[in-house]
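>>> here is a sequence with its predicted model. Questions after.
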Amino acid sequence: MAAQLKVDVNVMPRLIFTGDSQTCGCVGAMDYAQMLSWEVPLRIFNRAVGGSNTTHLLSEFGGGTVTVKAGDKIVHGESVGWFAGPYIGQRVRFGTQEYTVDSIKTLDYAKRLCELTLTEPAREDYTGTDYKFEAGWRVRVADVQPQYACFMFTVNDAGRKPEDFKAQLADIAKRCREAGIRPLFISGVPFMDAESGGSHAGAVSHTAHRAQDLLEFCQAEKLPYGDVYRTLDLLDPQRTSVWADTIHPTNDGSILAVHAVRYLLREMGALGNPYYVRGYRAPGAELPRPDATGLQPITTAQPRRDKNNKLDQAGHNLEAQRIRDEYGLIAAQDGQTLSSRTALLFKIGVGPADKLEGFGLDVACSNPAAVRLFDWKQSAWVSALDNAARVRDCVHDGAVWVGVPGPDVAVDYVALTLRGDVQPWQPPQSDRAILWPTPGQFDWSQDGNLFANGALTQAEGGKPTGWQPQGQDARYLPEGVVATGTGEFCGPRGDQFKCAGAKFTQTVRPLDMLVVKAAITDGPNFLVEKIVDDETLDLRRTPKQAPGPVAFEVKRWAGLRAVPGGCCLEARAGSEWRTEVPLEQGEYRFSFFTRCFNPGNMNAQNVATGRPVVALDAPTWRDPVVVGPGLDASYLWLRGEQTFTMRQDGTLRVKVSAQGSEAVQVTGLALSRLK
């Protein structure tokens, strides 16, 4: 008899993310937990809290004065820090009475005036300081009953001694072990402090200390660790991953956290589950092909999002959390429906087609007769009620696609019951330290490099030695001083700099650094945001005091710290750089660092769209090896790599160009012989 296995939302292992605001998805950006939910066979939950630290997670906390009247649900707080620490659903005790928090609202950050909304009216009047929130662990971790938990705590634990911070980490690990949860840790994103040209009041070195503590702790305890902080510090010296508020990652800035957690989960064996459910909204009422563009993934619940998925701290309540956890809405036939004005598509992982004898489809929705299956042989949607498709014709890449056309769809439950050689998936167990990045992943050296000028620092005639440009948009950007003179700070907020006759539009680019040659208490570095006109620069920060006319220079560092020299090549679609390297027969590894350059698009929500196109060719090859179009597009530096074979002695021809409308930069080219 064939075995049976039901595949619905509940078959996916649960992964909880918790940490501070860098995990929340602030400033309108998407959080990295949400991004991972689009690709991993896991049920994702984000329980991060802005401003929180490990104490808020592990211990009771309070502070300030509270006032509430009997019969009211609103609690007033004075000199309180409720914008940093509490989370909806936590219990709070006022005197002898205990309640549950439904939402939190900050009225005045400077005066620390806040309000709590309770899930029930207060049972008695209370005014005073005798109050406590319970530790966040129950709501943020334990109640979710996850199999995996990812913790990002560095920025708000900055003031701790290493031994104290490691003691907190040990408590987290102990609680996870006792609950059967497998923990993984990642460090936070470097903020934009004065040294890096931004206005954050802290010193980013404190975060570096916490990253080192995490590394030491995880290695000693044999736990997975992703060093996001030091990797971003290496790859993103201008802090393009951080929004102008100086501390919160943009959509693009969360890419490194996605890379880190993805790698750790894969090494832990968590990504091997063939059974999963992913949901998508179509652009319109009709069902598109599953491989069409424009499908919008349904959401996991994000902190600080209201029921309409808008960034709203006060509107982030228990009801909004329920509605935005759209996978929870289709996890059981309980009357809580996933609604959509357009068609809904569900990709259901079923494993290899040759192990299936059949499946039963269970979809509870407003119009069951409209449910469709995609038949890959016919390349068409067919009725799920008419048994019009063979089982194996519906399986593609280990998944079956189910569609419910619109408009105005309401789905309560989705499941496939598989029949055949199927059995529940069990995640493998491991007890070892896993580190991301891997040793050497972002290292670069000229030693053994067959590119004689791989760092692009050697130049003659305004171009790097050995390289030839094609097209007016092929630019060489070396490190160095690009403008000097005397100017002064100006503008309504003092975050502009003016120099008469400077011709900034011809010399300076965004992300160059204005260095003021004067004694300024908060440092001489000011990152250039944009060039306003020939004489005016817009800056990422304002000096604490206006020093009057000062001598200055604008410096360019167009590379990354992993590659000495700070130089790069830039190309746009229609332009390219070319070089040649004589090679003997053998196998080789080729790598480079690349990023998109479009500072005007680097806001909180936008993501890079340009792609590098690096073509490797030789006269004896039938087709070139093309590297780059499949890489993640990003405004921070990422690495591309490819191996290839020279079947006989010859000349390797290298062309660097771009796809899309954005400029692409390349540096740190490396070519080494494997055998």
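On my side now, so go ahead.

>>> only C-alpha atoms for contact and neighbour calcs from this point on.
Will do.

>>> does residue 265 touch residue 271 like I think?
Yes - between residue 265 and residue 271 there is a contact at 6.3 Å, judged by CA atoms under 8 Å.

>>> using the three-state scheme, assign the residue nearest to residue 448 when sequence neighbours are not counted.
The spatial neighbour of residue 448 that comes closest, neighbours along the chain excluded (CA to CA, 6 or more residues apart in numbering), is residue 672 at 6.5 Å. When states are read from DSSP: H, G, I helix; E, B strand; the rest coil, the local structure at residue 672 comes out as strand.

>>> over to residue 634?
Three-state assignment for residue 634 (three-state DSSP): coil.

>>> contact partners for it?
Neighbouring residues of residue 634 by CA atoms under 8 Å, 6 or more residues apart in numbering: 252, 255, 595, 596, 607, 608, 609.

>>> give me that answer again for 7 Å
Remark: with contacts taken as CA atoms under 7 Å, 6 or more residues apart in numbering, residue 634 is in contact with 252, 595, 596, 607, 608.

>>> show me what contacts the residue nearest to residue 448?
Listed by CA under 7 Å, 6+ apart, the contact partners of residue 672 are 448, 449, 450, 588, 589, 590.

>>> include neighbour count, distance to residue 113 and secondary structure when you put the contacts of residue 634 into TSV, please.
Supplementary listing: the contacts of residue 634 in TSV, determined by neighbours: other CA atoms under 10 Å; distance: CA to CA, whole Å; DSSP: H, G, I helix; E, B strand; the rest coil:
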residue	neighbour count	distance to residue 113	secondary structure
252	26	33	helix
595	26	43	strand
596	26	42	strand
607	19	35	coil
608	20	39	coil
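
>>> could I get those as CSV with pLDDT and distance to residue 219?
As requested, those are arranged in CSV below (pLDDT from 0 to 100; distance: CA to CA, whole Å):
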residue, pLDDT, distance to residue 219
252, 90, 29
595, 96, 31
596, 96, 34
607, 89, 34
608, 93, 34
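
>>> distance to residue 538 added to those, as TSV?
Compiled in TSV, these are given as follows (distance: CA to CA, whole Å):
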residue	distance to residue 538
252	22
595	23
596	21
607	22
608	22
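
>>> list just the nearest of those to residue 59.
Using CA to CA, residue 252 comes nearest to residue 59 of those, at 33.6 Å.

>>> distance-wise, check the nearest residue to the closest one once chain neighbours are set aside relative to residue 597.
Distances taken as CA to CA, 6+ apart put residue 607 closest to residue 252, at 5.1 Å, once the chain neighbours are dropped. Per CA to CA, to the nearest Å, residue 607 is found 11 Å from residue 597.

>>> what does residue 401 give?
Distance from residue 401 to residue 597, counting by CA to CA: 37 Å.

>>> and the closest residue to residue 597 other than its chain neighbours, how close does it get to residue 410?
In space, not counting the residues next to it along the chain, residue 597 is nearest to residue 663; the distance is 5.3 Å by CA to CA, 6+ apart. Applying CA to CA, one obtains 43 Å for the distance of residue 663 from residue 410.

>>> show me where the stretch 101-250 of the chain has strands.
Counting by DSSP state E, counting those that start in this stretch, the segments of the stretch 101-250 of the chain that form strands are 113-118, 126-128, 131-133, 148-152, 182-186, 225-226.

>>> which of those strands is buried the deepest?
Compared across the strands of the stretch 101-250 of the chain, strand 225-226 shows the largest average neighbour count, a mean of 29 (mean count of other CA atoms under 10 Å).

>>> just checking, residue 78 touches residue 113?
Yes - using CA atoms under 7 Å, residue 78 and residue 113 qualify as a contacting pair, with a distance of 4.9 Å.

>>> could you pull out the helices for this structure?
Using DSSP state H, the helices assigned to the chain run over residues 32-37, 54-58, 137-140, 162-179, 205-221, 228-235, 255-268, 318-324, 326-329, 391-394, 504-507.

>>> among those helices, which is nearest residue 557?
Closest approach to residue 557 among those is made by helix 228-235 (12.3 Å; CA to CA).

>>> now do the closest one: distance to the chain's middle.
13 Å (CA atoms, centre = their mean, to the nearest Å).

>>> pLDDT (mean, whole number) over it?
Averaged across helix 228-235, pLDDT comes to 94.

>>> what angle sits between that helix and strand 148-152?
Here the directions of helix 228-235 and strand 148-152 differ by 60 degrees (axes from the mean of the first three to the mean of the last three CA atoms, to 10 degrees).

>>> and helix 228-235, what does it pack onto?
helix 255-268 (3 or more CA pairs under 7 Å, 6 or more residues apart in numbering; DSSP states H and E).

>>> now the lowest-mean-pLDDT helix or strand in the chain, how far from the chain's geometric center?
Within the chain, judged by mean pLDDT, DSSP states H and E, the helix or strand with the poorest mean is helix 391-394; its value is a mean of 89. The offset between the C-alpha centroid of helix 391-394 and the centroid of the whole chain comes to 35 Å, using CA atoms, centre = their mean.

>>> export that helix as PDB, just CAs?
Written as PDB, here are the backbone C-alpha positions of helix 391-394 (Å, rounded to 0.1, in the frame of the first residue of the first chain):
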ATOM      1  CA  VAL A 391      -0.100  13.500 -11.700                       C
ATOM      2  CA  ARG A 392       3.300  13.600 -13.200                       C
ATOM      3  CA  ASP A 393       2.300  16.300 -15.800                       C
ATOM      4  CA  CYS A 394       1.500  18.600 -12.800                       C
END
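
>>> what helices and strands are in contact with that helix?
Using 3+ CA pairs under 7 Å, 6+ apart as the contact test, the elements touching helix 391-394 are strand 372-375.

>>> ok, 8 Å please
Other helices and strands packing on helix 391-394, by 3 or more CA pairs under 8 Å, 6 or more residues apart in numbering; DSSP states H and E, are strand 356-365, strand 372-375.

>>> and residue 471, how far from residue 656?
12 Å.

>>> no wait, residue 67
Distance, residue 67 to residue 656, by CA to CA: 65 Å.

>>> looking at the helices of the chain, which is nearest to residue 82?
For the helices of the chain, distance to residue 82 was read as CA to CA. The smallest value, 11.0 Å, belongs to helix 54-58.

>>> how many neighbours does residue 574 have?
One way to gauge burial is a neighbour count; for residue 574, by other CA atoms under 10 Å, it gives 13.

>>> thanks a lot, see you next time.
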